[in-house]
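Chemist: Here's my sequence, what's the structure:
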Amino acid sequence: MSGIATALGLAGRNLLLVRRVPSVFIPSLVMPLFILVSTAGAFHGIGALPDFRGVDYLAFTLPMAATMGAGFAGVNSGMTLARDLEGGFFDRLQASPAPRLALIAGPLLAAVARSLFTTTVVYVAATIGGVSLPGVIDTFVVYVLAAAFGAAASMWAMGVALRTHSVQASPLMQVVVFMSVFTSVAYTPRSALRGWLSHVADVNPVTYILEASRGAQLFGATWSELGRAGLALAVLAALTGTFALRGLSRLGHR
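Modeler: I've put the predicted structure just below:
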């Protein structure tokens, strides 16, 4: 229970910093809204392509904006951890009897909580724009997939923070999340992709997360899409989780 209590305490502290240091959280809230509005306006016309199956482009963009927002919510955890490393607070945590895994689990839980908020904001904005909400189960799927990607992004960002000990590494945390989303099916279905991007999207785990989230939002979730998304998330969790835990282990041996 001490590990659970420590993780929850660190998660609460992480969330409290949203009010105390809003400059850390606001970009992760503004970015998905910017993406939702700008892409829906700029690329509205391509929604007439047969590959889009007649769906409204704003509704098509919603899962991508929610996923991106969750990704940046995860990056916030890495930025907060980097500040704690710079300020010496994390050293005090290491010197305490708190379980080491809880030092990662706390910021991870905070990232998931923040992702739920950003997804809600995206849904509110899209609803104002005329997008109809799917059923309860399908909406739940969109939330869960976005939160899971946010958790993976959080572990990646924390891994970077544990190796650099500097908030100046935040651009590296962000650019990887950006690239992982934008080299997937962010703007069009896979059938409409051409050139090198179509080959990259085929092997990008985020493609399968977005396809499952988009399928749930537009047509209703299917087991085949959810299965592929689950496998993609398992791969991401294994890679980013190992990256974060090894960073924590290396820090303990310094």
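
Chemist: what packs against the lowest-mean-pLDDT helix or strand in the chain?
Modeler: The helix or strand of the chain with the lowest confidence, counting by mean pLDDT, DSSP states H and E, is helix 22-42 at a mean of 76. In terms of contacts (3 or more C-beta pairs under 8 Å, 6 or more residues apart in numbering; DSSP states H and E), helix 22-42 is packed against helix 2-20, helix 57-87, helix 100-128. C-beta: built from backbone N, CA, C; applies to glycine.

Chemist: Could you rerun that using 7 Å?
Modeler: Secondary structure elements in contact with helix 22-42, counted by 3 or more C-beta pairs under 7 Å, 6 or more residues apart in numbering; DSSP states H and E, are helix 57-87, helix 100-128.

Chemist: residues making contact with it?
Modeler: With contacts defined as C-beta atoms under 7 Å, 6 or more residues apart in numbering, helix 22-42 is touched by 17-18, 57-58, 61-62, 65-66, 68-69, 72-73, 76, 79-80, 114, 118, 121-122, 125-126, 187.

Chemist: For Ala229, find the nearest of the helices and strands packed on helix 22-42.
Modeler: Between Ala229 and the helices and strands packed on helix 22-42, the shortest separation by C-beta to C-beta is 10.9 Å, and it involves helix 57-87.

Chemist: avg pLDDT for that closest one?
Modeler: The pLDDT scores in helix 57-87 average 91.

Chemist: would you list the helices and strands packed on helix 22-42 in JSON lines and tack on distance to Pro32?
Modeler: Putting these into JSON lines (distance: least, C-beta to C-beta, whole Å) gives the following:
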{"stretch": "helix 57-87", "distance to Pro32": "3"}
{"stretch": "helix 100-128", "distance to Pro32": "5"}
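
Chemist: Deepest-packed of these, please.
Modeler: The highest mean neighbour count among those belongs to helix 57-87 (a mean of 26), with neighbours defined as mean count of other C-beta atoms under 10 Å.

Chemist: Report the angle between it and helix 100-128.
Modeler: Here helix 57-87 runs at 150 degrees with respect to helix 100-128, directions being taken by axes from the mean of the first three to the mean of the last three C-alpha atoms, to 10 degrees.

Chemist: Counting by contacts, list what helix 57-87 packs against.
Modeler: Helices and strands touching helix 57-87, as assessed by 3+ C-beta pairs under 7 Å, 6+ apart, comprise helix 2-20, helix 22-42, helix 100-128, helix 136-164, helix 170-182, helix 205-218.

Chemist: Quick one: distance of the third one to the chain centre.
Modeler: Per C-alpha atoms, centre = their mean, to the nearest Å, the displacement of helix 100-128 from the mean C-alpha position of its chain is 8 Å.

Chemist: Which elements pack onto that helix?
Modeler: Secondary-structure packing of helix 100-128 (3+ C-beta pairs under 7 Å, 6+ apart): helix 2-20, helix 22-42, helix 57-87, helix 136-164, helix 223-252.

Chemist: Could you check how many residues crowd around Ile137?
Modeler: Residues lying near Ile137 (other C-beta atoms under 10 Å) number 10.

Chemist: Could you report the separation of the nearest residue to it once chain neighbours are set aside from Gly135?
Modeler: Setting aside the residues directly before and after it, Ile137 is nearest to Ala221 in space (C-beta to C-beta, 6 or more residues apart in numbering), at 6.9 Å. Ala221 sits 9 Å away from Gly135, going by C-beta to C-beta, to the nearest Å.

Chemist: How about Arg190?
Modeler: Relative to Gly135, Arg190 is positioned 25 Å away (C-beta to C-beta).
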